[in-house]
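A.B. asks: starting from these lines, generate the structure:
(chains A and B)
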Amino acid sequence: MSTRTITVDTLARVEGEGALTVTLEGDTVIDVKLKLFEPPRFFEALLRGRRFEEAPDITSRICGICPIAYQMSAAHAMENACGVRVDGALRVLRRLIYCGEWIESHALHVYMLHAPDFLGYESAIHMAKDHPAIVERGLQLKKVGNDVIVLLGGRSVHPVNVRLGGFYKAPTKLELAPLAEKLRWARDAAIETVRWVASLPIPEFEQDYEFVGLRHPDEYPFNEGRLVSDRGLDIAISEYDAHFAEEQVAHSNALHSTLRERGAYAVGPLARYSLNFDRLSPLAQEAARAAGLGPVCRNPFQSIVVRSVEILYACDEALRLIDGYEMPARHAVEVRPRAAVGYACTEAPRGILYHRYQIDEHGTILDAKIVPPTSQNQKTIERDLAHVVPKYVSLPNEQLTWRCEQAIRNYDPCISCATHFLTLTIEQASVRT
Amino acid sequence: MAPAPKLKLAVWKFASCDGCQLTLLNCEDELLAIADRVDIAEFREASRAVAQGPYDLSLVEGSITTVRDASRILEIRRASKTLVTIGACATAGGIQALRNFKDVNDFISLVYASPQYIDTLATSTAIAAHVRVDFELRGCPIDARQLIEVIGAYVHGHRPRTPSHSVCIECKQRGTVCVMVARGTPCLGPVTHTGCGALCPTYHRGCYGCFGPMETPNTGSLSEWWGHLGVREEDVVRAFRTFNADAEAFRREAQAHEH
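C.D. replies: Now for the predicted structure:
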């Protein structure tokens, strides 16, 4: 057998830097390596010796696309360590700012990063020449998500208003009113988005995943819930380390996560949706059904549809939250340090984000552990590619490479989070004649 | 007459969170207009299409933390007529420069079980420590209005006009009540470079210095005032040692309080 090699130096339209090598013998994939060579930034180490109240702002800097997720996981973990629960209007505001991040991050991915793959454009800017109204709608939808974050957080990237116990300054009900106006437009635009993405040429491809995500007694999950899977996992967040392992592999600067008992698993919109379809609002469920989705979705190429359904849900939920909001009496509840370990897991746009901190009685951080969604999905992405490549092996090199890139982008990988680089190399050993 | 050729723009990434380049995509109202005025030759976060250099304007995000990146920035400089750094990582080394004050090997072994696989330098350094930089845009993250000013300036052939005074001035312009005077909240505003819109004080929070030091900051005097407010020396060190820890004025002030 001889070797056929397809190479792309840097994968585009992902956050951060990485590479991929797929090796084939004939039509058989013998190896897939997703290489994340984004330089490591050692957040878990630099957190040691910092104050517990600094964790939301410092960990926010792991990712400019999902800073709210980091701020939320960090704040909840510290509050968990200190025995504090944040309820009422402050809890509502946290859920609302997370809605903003889902809208902003998902709209960015659906319109700017993923849709161009389905229609054969290099970028959304190229796509805009033929489909200006669609790209404009995507940008404005993204903007509404950012508007939510800006109002509650001061700015869209690394917002400044989130703190342990709540916020530095909670908005008045009146201040939220203009946001509701924009969100009503966004909800309609999200319905149009679900219809549009469902009409895209989506490859038929299903995989047998173990889906892992949060499950809350009565809400579609953002900040709280038990960690569950469709194969029987049902644990408190504090039990995470007993069930999940992180391993280092030579080809990646991101640690790989596995379920100790069963190996690879999937997190993110597909998992969240399939575990929590019954918790979506009626409007989001109806749009999903009309788009041809069942209550469980195992086709990763349909993640663009699921993300769009989640945009719709987030708009709908944000409007509900604003409608019921009354300004809290206090901007934040007091969080006093104590010697303890705190755990939290929240649903970042790309899937569960786990934080664990050990602090001392003065609030100094002694130890930190952070597991971002993309490091949890690495093995699953590699596994998808091992099945995508044989299915499309007859395609010319360039098209096969693009299909692989699209399959990686199904996961909206955030490599800045995971190590914080993608180059794509497909090595194919063709049958010797 | 043929139209003038479009400015050829490239966006580059080093060790960073992607937030500063995202700021360009966050210019939702201006993005398509900007894309019309410039030729985007390299912007991996947004496009698969890549054109060869040379480039008229390179925007560089992130700090230098690996041997490979230290040589990559030399190539980018050679290929770029104008090079602008965007954000605290590129301008001062970023939060990851906290390693510059510790033994990096301790850091690696804390995070990774097999440190031999990890390629990293002992320090995280600003782009200007490696190559000539034509303009530095501050902030963790940068401000979108300032980014548009910078791109517009180079499209029209003049230097960017961004103020370099302190956050204090911006608070006064906005009419924000001083959090330090009125609430006794420690604030880095008097020594911090403007550009954010004086956000934190409008949220009743002290500035935490994410735009780095202003020109000629009197950090020593501010630390004294913080002392009057009851801030402990170790917390003064922490305050100056965050997202711009290796910017000279902040580095010196933190060292002065480290015992």
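
A.B. asks: so what secondary structure elements neighbour whichever strand or helix holds A:Pro390?
C.D. replies: Counting by DSSP states H and E, the element that carries A:Pro390 is helix A:373-391. The contact analysis (3 or more C-beta pairs under 8 Å, 6 or more residues apart in numbering or on different chains; DSSP states H and E) places helix A:373-391 against strand A:19-25, strand A:28-35, strand A:256-259, strand A:351-359, helix A:397-409, helix A:415-418. (C-beta placed from N, C-alpha, C; glycine too.)

A.B. asks: buried deepest among these, which one?
C.D. replies: The highest average neighbour count among the helices and strands packed on helix A:373-391, using mean count of other C-beta atoms under 10 Å in any protein chain shown, belongs to helix A:415-418 at a mean of 30.

A.B. asks: what about that one, distance to the chain center?
C.D. replies: 11 Å (C-alpha atoms, centre = their mean, to the nearest Å).

A.B. asks: for that helix, name the packing helices and strands.
C.D. replies: Under the contact criterion of 3+ C-beta pairs under 8 Å, 6+ apart, helix A:415-418 touches helix A:373-391.

A.B. asks: now the angle from the helix it packs on to strand A:351-359?
C.D. replies: Calculated by axes from the mean of the first three to the mean of the last three C-alpha atoms, to 10 degrees, helix A:373-391 forms an angle of 150 degrees with strand A:351-359.

A.B. asks: quick one: low-confidence parts of the stretch 1-150 of chain A?
C.D. replies: Applying pLDDT under 70 to the stretch 1-150 of chain A flags the ranges A:1-9.

A.B. asks: how many residues are close by whichever residue of it sits closest to chain B?
C.D. replies: Closest approach between the stretch 1-150 of chain A and chain B, counting by C-beta to the nearest C-beta: A:Gly64, at 1.9 Å. A:Gly64 has 27 neighbouring residues, counting by other C-beta atoms under 10 Å in any protein chain shown.

A.B. asks: ok, it touching B:Leu25?
C.D. replies: No - A:Gly64 is beyond contact range of B:Leu25, at 10.3 Å (criterion: C-beta atoms under 8 Å).

A.B. asks: which residues does the most centrally placed residue in chain A contact?
C.D. replies: Taking C-alpha atoms, centre = their mean, the centroid of chain A lies closest to A:Arg350, which sits 1.1 Å from it. A:Arg350 makes contact with A:66, A:105, A:267-268, A:372-374, A:377, A:411-414, A:417, according to C-beta atoms under 8 Å, 6 or more residues apart in numbering or on different chains.

A.B. asks: which one is it nearest to, not counting chain neighbours?
C.D. replies: Leaving aside its sequence neighbours, A:Arg350 sits nearest to A:Pro373 (C-beta to C-beta, 6 or more residues apart in numbering or on different chains; 4.0 Å).

A.B. asks: that neighbour reaches A:Gly268, doesn't it?
C.D. replies: Yes - A:Pro373 is in contact with A:Gly268 according to C-beta under 8 Å; the separation is 6.0 Å.

A.B. asks: residues that sit against both of those two, list them.
C.D. replies: By C-beta under 8 Å, 6+ apart, the residues touching both A:Pro373 and A:Gly268 are A:350-351.

A.B. asks: list the contacts of residue 234.
C.D. replies: No chain specified, so I'll use chain A. A:Asp234 makes contacts with A:215, A:226-228, as judged by C-beta under 8 Å, 6+ apart.

A.B. asks: switch to chain B, that's the one I care about
C.D. replies: B:His257.

A.B. asks: that one belongs to a helix?
C.D. replies: Yes - judged by DSSP: H, G, I helix; E, B strand; the rest coil, B:Glu234 forms part of a helix.

A.B. asks: next one: it from A:Leu259, what distance?
C.D. replies: According to C-beta to C-beta, to the nearest Å, B:Glu234 and A:Leu259 sit 41 Å apart.

A.B. asks: a helix runs through A:Ala116, doesn't it?
C.D. replies: One correction, residue A:116 is Pro, not Ala. Yes - counting by three-state DSSP, one finds A:Pro116 located in a helix.

A.B. asks: was I right about it contacting A:Ile125?
C.D. replies: No - applying C-beta under 8 Å, one finds A:Pro116 not in contact with A:Ile125, separated by 9.0 Å.

A.B. asks: quick one: which of these two has more around it?
C.D. replies: Shown here are A:Pro116 and A:Ile125; by other C-beta under 10 Å, A:Pro116 has more neighbours (25 against 21).

A.B. asks: nearest spatial neighbour of the more buried one, skipping sequence neighbours?
C.D. replies: Nearest one to A:Pro116, counting by C-beta to C-beta, 6+ apart, is A:Met127 at 5.1 Å.

A.B. asks: state the distance from that neighbour to A:Met72.
C.D. replies: The gap separating A:Met127 from A:Met72 is 32 Å, by C-beta to C-beta.

A.B. asks: which of these two has more neighbours?
C.D. replies: A direct count of neighbours by other C-beta under 10 Å for A:Met127 and A:Met72 places A:Met72 higher, at 27 against 21.

A.B. asks: show me what contacts that one?
C.D. replies: Here A:Met72 is in contact with A:94, A:98, A:162, A:222-223, A:344, A:346 (criterion: C-beta under 8 Å, 6+ apart).

A.B. asks: thinking again about what came up before, where's the residue nearest to A:Pro116, which helix or strand?
C.D. replies: helix A:124-130.

A.B. asks: quick one: list the elements packing against the helix or strand following that helix.
C.D. replies: Under the assignment DSSP H and E, the closest C-terminal helix or strand after helix A:124-130 is helix A:132-153. Counting contacts by 3+ C-beta pairs under 8 Å, 6+ apart, helix A:132-153 is packed against helix A:88-107, helix A:124-130, helix A:173-198, helix A:303-323, helix B:31-37.

A.B. asks: show residues contacting the last one.
C.D. replies: This points to helix B:31-37. So helix B:31-37 is contacted by A:125, A:128, A:132, A:135-136, A:139, B:6-7, B:24-25, B:27, B:148, B:151, B:155 (C-beta under 8 Å, 6+ apart).

A.B. asks: export the contacts of A:Asp234 to JSON lines and tack on secondary structure and pLDDT?
C.D. replies: Below are the contacts of A:Asp234 laid out as JSON lines (DSSP: H, G, I helix; E, B strand; the rest coil; pLDDT from 0 to 100):
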{"residue": "A:Arg215", "secondary structure": "strand", "pLDDT": "98"}
{"residue": "A:Arg226", "secondary structure": "strand", "pLDDT": "98"}
{"residue": "A:Leu227", "secondary structure": "strand", "pLDDT": "98"}
{"residue": "A:Val228", "secondary structure": "strand", "pLDDT": "98"}
